[in-house]
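Peer 1: need a structure here:
(4 chains)
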Protein chains: 2
Amino acid sequence: MTSIRKVSAIAGVSIATVSRALKTPEQVSPGTRQKVLDAVKEAGYRPNWLATSVKTGKSKSIVVLVPNLLNAFFQRIIEGIESAAQECGYTVLLGDTQGRKTLENEYASMVLTSRADGLIQLDHCFPFSDNDAELARSIPMVSVGERIESQHHYPFIHLDNYSAGRALAHHLISYGHVRFGAIAGQIQSQIYRDRLSGFKSVLAEENIDFPDSMLVGGSYTIEEGIRGVNELMKHKKPPTAIFCFNDDIAIGAIHQLRSLNYKVPKDVSVVGFDNIRVSEFMHPPLTTIDQPAYEMGVKAVEMLYRMMHNQELLRTREIMPFTLLERHSSGPINRSTSQ
Amino acid sequence: MTSIRKVSAIAGVSIATVSRALKTPEQVSPGTRQKVLDAVKEAGYRPNWLATSVKTGKSKSIVVLVPNLLNAFFQRIIEGIESAAQECGYTVLLGDTQGRKTLENEYASMVLTSRADGLIQLDHCFPFSDNDAELARSIPMVSVGERIESQHHYPFIHLDNYSAGRALAHHLISYGHVRFGAIAGQIQSQIYRDRLSGFKSVLAEENIDFPDSMLVGGSYTIEEGIRGVNELMKHKKPPTAIFCFNDDIAIGAIHQLRSLNYKVPKDVSVVGFDNIRVSEFMHPPLTTIDQPAYEMGVKAVEMLYRMMHNQELLRTREIMPFTLLERHSSGPINRSTSQ
DNA sequence: TATTAAAATGTAACTTGTTTCATTTGGGTG
DNA sequence: CACCCAAATGAAACAAGTTACATTTTAATA
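Peer 2: Prediction:
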């Protein structure tokens, strides 16, 4: 690797002048500037990014913790993050944690070792190891989708999950459904509580019973959708409408309903959440909640930027709007088969 | 940020000893080691990763250029890369290029500025800008899926796309099909040429005509599948079997065939490529080629590792095996409707 | 107890750029 | 031509580690 000293030797100037010619060209006379530029080209010089960062103390990078890169919803958020980060001169380091605590700890600690200046968490847990917890106190961090559990002072951006749950319930009730099932994703998260309580609140208002046995699930995967349907449809009076906590679950659910010879939506209505890319192209196309994932990513970077530059945050919590997309996986109850 | 000097002050030893106590503890007496460890804890010290890297001249990172993070096939490769990289102590920097040249240049140049020690390219183009091309000559780089165009000295890992194309053709011919269509992804890539010529070679052997008008496409997207079907089914004698160059295209194709009131596979058989996650859960489940994407990622890291450590490569080209998964989007020709 | 090799530790140089402070150069004015 | 301020440049300190080399300490042997 050619260094700045080599360039300075070729150009016949000091290393300080080379540095200035590249970083603050207006501080250098046109003649020297040209000499330096020529020398740079001749030497094939590229400044060592590490050296610059170690001197300035800023890595100009942010690390993003993603529980699962396969999740199409997260991908949209990431796109938003990357585009916004680039806008303000930051590089994004993607940490695919695969839900593993050790991996998460490791990526998070990048922010403690000057490898990154800030952190965006897409999961709901506090990403630092117990060892690092103390140090991490004052780190710039924002979370998207979920609120950092037991560390409520970190700013976060999320959907109005409660209202979305209500919207889905209203949608299904308007089709005449009265027997509901739900397949949840990760339990013990704010998202879970909000979506569920929103959904339940409407049922309660309408005096519709929703026994605990009709709530199953545990992870945001296709497999969970399959398992969930198997469980729900075992009941003597199975649900005629199923609320899946994300589109992956819904895809699995619809697949399994078909395997069990139920027609969707004729026999069972299914609704999802997130509006991932394929939802629209499934058969039937999925009724779901569209989240402004991209915008959420952008917002996250904006907030993080302010934190990294010690600027005051306007607010520590950002609630984003959603849209209910009524497609064809939900429909009117089939009075003949729903006894 | 607390530095190593602070720790050395607390522990009452030199900074060299602190460094040794942490990096090569066997070189330090147990007593001092403990003193240092205590001081580290007291100071809340984490070594500055940038400083370490700048001194050792190694970032222990590799950058991966992904044309499109949304592509489920790439994701599998990335998983393999990340797992293998972690194994040998490297961090993965994901660069989502979104097919944009400037972004690609920027991420690629990380390897020229000591931000990364090596590069894995998932696209087929030479990722450096013209300016950097010279410097990039001897950079550790391997490509997965595609061969770096016009720079054939870089090692690469790919599928036997030619044979896979043949396998799909045989599969469809065995069902009695004789009128074929194909919806390609990115033209002008080795993958395109290999899959197509493999497919065509079988048709030629069987004296089946495959006019140019039956080959459409241009990108690996759902939308391309939709467009492609619209185009192909316009013909007086439309195909009864369509070879989609990846699963996304196939998803779009099936969706659009259904919109045009064709039954899959009764009226038209559709085959895909890649075996992404949802393929299995589509309706009908997709007949496709399974690529060992994860293993390809692992292999890529292995090769890159050798290059980064100046070890001889066993071979500069790695061909991976595939599996034809016969599911339900392909089936026997329907003699009554295929006139 | 003296000798000596091995182990432990410290000093200072080194990695590469940036930046402060001092010095030199340049051009305009009196 | 001397003077002065500003612009341009250089020397050296700095960021935060690692490491070669020198020095001190320890422990074992004679």
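Peer 1: residues near the nearest residue to residue A:5 once chain neighbours are set aside, how many?
Peer 2: Leaving out its chain neighbours, the residue that sits closest to residue A:5 by CB to CB, 6 or more residues apart in numbering or on different chains is residue A:15, at 5.8 Å. Heads up, the C-betas are built off the backbone N, CA and C, glycines and all. By other CB atoms under 10 Å in any protein chain shown, 15 other residues sit near residue A:15.
Peer 1: And the pLDDT for residue A:15?
Peer 2: You'll see residue A:15 listed with a pLDDT of 95.
Peer 1: so who does it touch?
Peer 2: Residues counted as contacts of residue A:15 (CB atoms under 8 Å, 6 or more residues apart in numbering or on different chains) are A:4, A:5, A:7, A:8.
Peer 1: list the contacts for the last one?
Peer 2: Contacts here follow CB under 8 Å, 6+ apart; on that basis residue A:8 touches A:14, A:15, A:17, A:18, A:39.
Peer 1: Show me which residues of the stretch of helix or strand the fourth one belongs to are buried.
Peer 2: Under DSSP states H and E, the secondary-structure element containing residue A:18 is helix A:15-23. In terms of neighbour count (16 or more other CB atoms under 10 Å in any protein chain shown), helix A:15-23 has its buried residues at A:17, A:18, A:19, A:20, A:21, A:22.
Peer 1: so which strand or helix has the closest residue to residue A:161 other than its chain neighbours?
Peer 2: Distances taken as CB to CB, 6+ apart put residue A:194 closest to residue A:161, at 3.6 Å, once the chain neighbours are dropped. Secondary structure from DSSP H and E places residue A:194 in helix A:190-205.
Peer 1: and that helix, what does it pack onto?
Peer 2: helix A:161-174, strand A:180-184 (3 or more CB pairs under 8 Å, 6 or more residues apart in numbering or on different chains; DSSP states H and E).
Peer 1: Of the ones you listed, give the one that comes closest to DNA strand D.
Peer 2: Nearest to DNA strand D among those is helix A:161-174 (41.3 Å), distances taken as CB to the nearest atom of the strand.
Peer 1: which residues touch the closest one?
Peer 2: Looking at what lies outside helix A:161-174 - CB under 8 Å, 6+ apart - the contacts are A:180, A:190-191, A:194-203, A:206, A:208, A:241, A:243, A:269, A:271, A:273, A:287, A:289, A:322, A:324, A:326, A:330.
Peer 1: ok, back up a step: measure the residue nearest to residue A:5 to residue A:21 for me?
Peer 2: As judged by CB to CB, to the nearest Å, residue A:15 and residue A:21 stand 10 Å apart.
Peer 1: Same question for residue A:40.
Peer 2: 8 Å.
Peer 1: what's the burial count for residue A:12?
Peer 2: 11.
Peer 1: Could you check which helix or strand contains the closest residue in space to it that isn't next to it in sequence?
Peer 2: Closest residue in space to residue A:12, ignoring its immediate chain neighbours: residue A:35 at 7.2 Å, by CB to CB, 6+ apart. Per DSSP H and E, residue A:35 falls inside helix A:30-43.
Peer 1: Kindly report the residues of chain A close to DNA strand C.
Peer 2: Contacts of chain A with DNA strand C, taken as CB under 7 Å from any atom of the strand, map to A:1, A:3-5, A:15-16, A:19-20, A:22-23, A:45-48, A:51-52, A:54-56.
Peer 1: Measure how the helix holding residue A:194 sits relative to helix A:161-174, angle-wise.
Peer 2: Interaxial angle, helix A:190-205 versus helix A:161-174 (axes from the mean of the first three to the mean of the last three CA atoms, to 10 degrees): 40 degrees.
Peer 1: Which positions within helix A:190-205 qualify as buried?
Peer 2: Buried residues in helix A:190-205, counted by 16+ other CB under 10 Å: A:190, A:191, A:192, A:194, A:195, A:196, A:198, A:199, A:200, A:202, A:203.
Peer 1: How about stretch A:223-237?
Peer 2: Those would be A:224, A:225, A:226, A:227, A:228, A:229, A:232, A:233, for stretch A:223-237 by 16+ other CB under 10 Å.
Peer 1: Quick check: mean pLDDT of that stretch?
Peer 2: 97.
Peer 1: quick one: the helix holding residue A:18 to chain centroid distance?
Peer 2: 41 Å (CA atoms, centre = their mean, to the nearest Å).
Peer 1: pull the CA atoms of that helix into CSV?
Peer 2: The C-alpha atoms that make up helix A:15-23 are tabulated as CSV, following Å, rounded to 0.1, in the frame of the first residue of the first chain:
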residue,chain,number,x,y,z
ILE,A,15,3.1,15.1,4.1
ALA,A,16,1.1,17.9,5.6
THR,A,17,0.8,19.6,2.3
VAL,A,18,-0.4,16.4,0.7
SER,A,19,-3.0,15.9,3.3
ARG,A,20,-4.2,19.5,2.8
ALA,A,21,-4.2,19.3,-1.0
LEU,A,22,-6.6,16.4,-0.7
LYS,A,23,-8.8,17.4,2.2
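Peer 1: Can you tell me the SS state at residue A:319?
Peer 2: strand (DSSP: H, G, I helix; E, B strand; the rest coil).
Peer 1: if you skip the residues just before and after it, what's nearest to it?
Peer 2: Among residues not flanking residue A:319 along the chain, residue A:160 sits closest, at 5.3 Å (CB to CB, 6+ apart).
Peer 1: Let me know the pLDDT of that neighbour.
Peer 2: For residue A:160, the model assigns a pLDDT of 95.
Peer 1: That one against residue A:324, yeah?
Peer 2: No. Proximity of residue A:160 to residue A:324 does not meet the contact threshold set by CB atoms under 8 Å, at 11.9 Å.
Peer 1: How is chain A divided into domains?
Peer 2: Segmentation of chain A into domains, based on automatic domain parsing, reads A:4-47, A:59-159+A:293-321, A:161-291.
Peer 1: Ends of the second one, what's the gap?
Peer 2: Taking CA to CA, to the nearest Å, domain A:59-159+A:293-321 runs 33 Å from one end to the other.
Peer 1: Pull the distance from that domain to the chain's centre.
Peer 2: The answer for domain A:59-159+A:293-321 is 9 Å, by CA atoms, centre = their mean.
Peer 1: Tell me where the stretch 1-150 of chain A has strands.
Peer 2: Ranges of strands within the stretch 1-150 of chain A are A:61-66, A:91-96, A:118-121, A:141-144, based on DSSP state E, counting those that start in this stretch.
Peer 1: lowest-confidence stretch among those?
Peer 2: strand A:91-96 (a mean of 92).
Peer 1: Report all helices and strands that that strand contacts.
Peer 2: Contacting strand A:91-96 under the criterion 3+ CB pairs under 8 Å, 6+ apart are the following elements: strand A:61-66, helix A:72-87, helix A:101-108, helix B:72-87, strand B:91-96.
Peer 1: Kindly present those as JSON lines, with separate columns for distance to residue B:312 and mean neighbour count.
Peer 2: Below are the helices and strands packed on strand A:91-96 laid out as JSON lines (distance: least, CB to CB, whole Å; neighbours: other CB atoms under 10 Å in any protein chain shown):
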{"stretch": "strand A:61-66", "distance to residue B:312": "34", "mean neighbour count": "24"}
{"stretch": "helix A:72-87", "distance to residue B:312": "37", "mean neighbour count": "22"}
{"stretch": "helix A:101-108", "distance to residue B:312": "32", "mean neighbour count": "18"}
{"stretch": "helix B:72-87", "distance to residue B:312": "19", "mean neighbour count": "22"}
{"stretch": "strand B:91-96", "distance to residue B:312": "24", "mean neighbour count": "24"}
